[in-house]
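**Student:** Starting from these lines, generate the structure:
(chains A and B)
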Number of protein chains: 2
Amino acid sequence: MQIAEPLLVAIEELSKLPSIGKKTAQRLALYLLKSNGEQFESLVKALEDLKAKIKFCERCFNLSEEQLCIICKNEKRDKSKICIVEEASDVIAIEKTHEYSGLYHVLGGVLSPLTGVTPDSLKIKEFLKRLEKEKAKEIILALNPDTEGEATALYLSKLIKPLRIKVTRIARGLPIGGDLEFADEATIGRAILNRGDF
Amino acid sequence: MQIAEPLLVAIEELSKLPSIGKKTAQRLALYLLKSNGEQFESLVKALEDLKAKIKFCERCFNLSEEQLCIICKNEKRDKSKICIVEEASDVIAIEKTHEYSGLYHVLGGVLSPLTGVTPDSLKIKEFLKRLEKEKAKEIILALNPDTEGEATALYLSKLIKPLRIKVTRIARGLPIGGDLEFADEATIGRAILNRGDF
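**Tutor:** Sure, this is the predicted structure:
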């Protein structure tokens, strides 16, 4: 196969990205080649800015441009609630719902003894320090409903409850638009146990 | 929604790329943020090299690092055959088959009166000049089997045939792994007309 080296290298690098295969990488590379200089420059600049300017918020470890993230800095957010999530992408997911106005705390992972993730490798110490300073009244555990997420939630609740702070967790049940017939037993079981008044 | 500006901009820029939606763009941006500096640098460098180093081959208008592309420069390629394609991506597609060892000529499009693509906006003049200088014995038309591709093939064959050069075109028929039941009538019709000895 005889293809110009820079094109091959670009295809190779693009196909290392998640969810981008060789065919998509080739399509992207050829698209970028054809695109005008302005569009290309703004893409490269956006990527460089992303890498250079984004760091972690000193308080909640969300992605941030400054020492404190845009959410921690916002005076209008409800400071009595802290929502604990696994990754910064979960903050984006929850922010998109426009249903939550409290603060966050990003753990940076979940407990997983098999892969060597212990409480020390997560931002749990930092969270407990926050609880000493801030007057949170409710801690919302928004971890994924899988084994590691459940174990981490249990671990955290045991740490927080002695501090006499209310601990809640996001509801488990059938997803909106879901179908009883095709849902797994664990989900339906939870949905029945967690049934609410109509 | 409160998300750091550089992240929003990066997601916005990435989602402008073809076949990349908002969700994939967000995933890519967060992946790049997490990736180590080395991997990130090599991606940005590959993209910049792509844009800076790749130009068009002076002879065949394939993508190239130098005045002549890697195929035109290769002494081992069969100079008696020139394969006419629409875009540089078609050269890559044919090169991947390892079935063709001749030269190429990239038109840069196909005739399309509706969108204003006339013979003058394609590299047809340049191709006729090539035929004067080079001793090609066979011109292979490898244009897409759609209306514009067929019209362009017809136009080119009328220009080339008076020069007493053999003009062929790539076969139309059922794709390998295809199914008679699900193929369209036009394809099956062509496959019957173009049947060959077994």
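
**Student:** Please make it C-alpha for all contacts and neighbour counts, starting now.
**Tutor:** OK.

**Student:** Is the closest residue to residue A:27 other than its chain neighbours in a helix, a strand, or coil?
**Tutor:** Closest residue to residue A:27 apart from its sequence neighbours, by CA to CA, 6 or more residues apart in numbering or on different chains: residue B:18 at 7.9 Å. Put simply, residue B:18 is coil when judged by DSSP: H, G, I helix; E, B strand; the rest coil.

**Student:** wait, what's in contact with residue B:18?
**Tutor:** Residue B:18 makes contacts with A:27, A:28, A:31, as judged by CA atoms under 8 Å, 6 or more residues apart in numbering or on different chains.

**Student:** Confirm that residue A:167 lies within a helix, as I assumed.
**Tutor:** No: counting by three-state DSSP, one finds residue A:167 to be strand, located in no helix.

**Student:** Now it. Nearest residue, chain neighbours left out?
**Tutor:** In space, residue A:167 is closest to residue A:139, 4.8 Å off (CA to CA, 6+ apart).

**Student:** Residue A:80: helix or strand, and which one exactly?
**Tutor:** For residue A:80, the element it lies in under DSSP states H and E is strand A:78-85.

**Student:** residue ranges of the helices in chain A, please?
**Tutor:** Secondary structure of chain A by DSSP state H: the helices cover A:5-14, A:22-34, A:37-53, A:70-73, A:88-97, A:124-133, A:147-160, A:185-193.

**Student:** Let me know which of those is tucked in deepest.
**Tutor:** Most buried of the helices of chain A, by mean neighbour count (mean count of other CA atoms under 10 Å in any protein chain shown): helix A:5-14, with a mean of 21.

**Student:** Let me know whether it sits next to chain B.
**Tutor:** Yes: contact of helix A:5-14 with chain B (CA under 8 Å from any CA of the partner chain) involves A:5, A:6, A:7, A:9, A:10, A:13, A:14.

**Student:** Output the contacting helices and strands for that helix.
**Tutor:** Where contact means 3 or more CA pairs under 8 Å, 6 or more residues apart in numbering or on different chains; DSSP states H and E, helix A:5-14 is packed against helix A:22-34, helix B:37-53.

**Student:** Including mean pLDDT, could the ones you listed go into a markdown table?
**Tutor:** Formatted as a markdown table, those follow (pLDDT from 0 to 100):
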| stretch | mean pLDDT |
| --- | --- |
| helix A:22-34 | 93 |
| helix B:37-53 | 93 |
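
**Student:** now for the ones you listed, which one comes closest to residue A:173?
**Tutor:** Of all those, it is helix A:22-34 that lies closest to residue A:173, at 36.3 Å by CA to CA.

**Student:** looking at chain A, which helix or strand is least sure?
**Tutor:** Averaged element by element with mean pLDDT, DSSP states H and E, chain A has its least confident helix or strand at helix A:185-193 (a mean of 85).

**Student:** from the middle of its chain, how far away would that helix be?
**Tutor:** Mean C-alpha position of helix A:185-193 versus that of the full chain (CA atoms, centre = their mean, to the nearest Å) differs by 25 Å.

**Student:** got it, and stretch A:141-156?
**Tutor:** Stretch A:141-156 sits 14 Å away from the centroid of its parent chain (CA atoms, centre = their mean).

**Student:** Can you give me the domain assignment for chain A?
**Tutor:** Split into domains by automatic domain parsing, chain A comes to A:5-53, A:69-197.

**Student:** hey, C-alpha coordinates of stretch A:128-147 in PDB?
**Tutor:** Written as PDB, here are the backbone C-alpha positions of stretch A:128-147 (Å, rounded to 0.1, in the frame of the first residue of the first chain):
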ATOM      1  CA  LEU A 128     -14.000  14.200  54.700                       C
ATOM      2  CA  LYS A 129     -11.900  17.300  55.200                       C
ATOM      3  CA  ARG A 130     -14.600  19.200  53.200                       C
ATOM      4  CA  LEU A 131     -17.300  17.900  55.500                       C
ATOM      5  CA  GLU A 132     -15.400  19.400  58.500                       C
ATOM      6  CA  LYS A 133     -15.300  22.900  56.900                       C
ATOM      7  CA  GLU A 134     -18.500  23.000  54.900                       C
ATOM      8  CA  LYS A 135     -22.000  22.700  56.400                       C
ATOM      9  CA  ALA A 136     -23.500  20.100  54.200                       C
ATOM     10  CA  LYS A 137     -26.800  18.700  55.200                       C
ATOM     11  CA  GLU A 138     -27.200  16.000  52.600                       C
ATOM     12  CA  ILE A 139     -24.800  13.800  50.700                       C
ATOM     13  CA  ILE A 140     -26.200  12.300  47.600                       C
ATOM     14  CA  LEU A 141     -24.400   9.200  46.300                       C
ATOM     15  CA  ALA A 142     -24.600   9.200  42.500                       C
ATOM     16  CA  LEU A 143     -22.400   6.200  41.800                       C
ATOM     17  CA  ASN A 144     -23.000   3.700  39.000                       C
ATOM     18  CA  PRO A 145     -25.300   0.800  40.100                       C
ATOM     19  CA  ASP A 146     -22.700  -1.900  39.600                       C
ATOM     20  CA  THR A 147     -20.700  -3.900  42.100                       C
END
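
**Student:** re earlier: relative to residue B:89, how far out is the residue nearest to residue A:27?
**Tutor:** To residue B:89, residue B:18 is 15 Å away according to CA to CA, to the nearest Å.

**Student:** Kindly report the same for residue A:84.
**Tutor:** Using CA to CA, residue A:84 is found at 47 Å from residue B:89.

**Student:** Also residue A:141?
**Tutor:** Distance, residue A:141 to residue B:89, using CA to CA: 49 Å.
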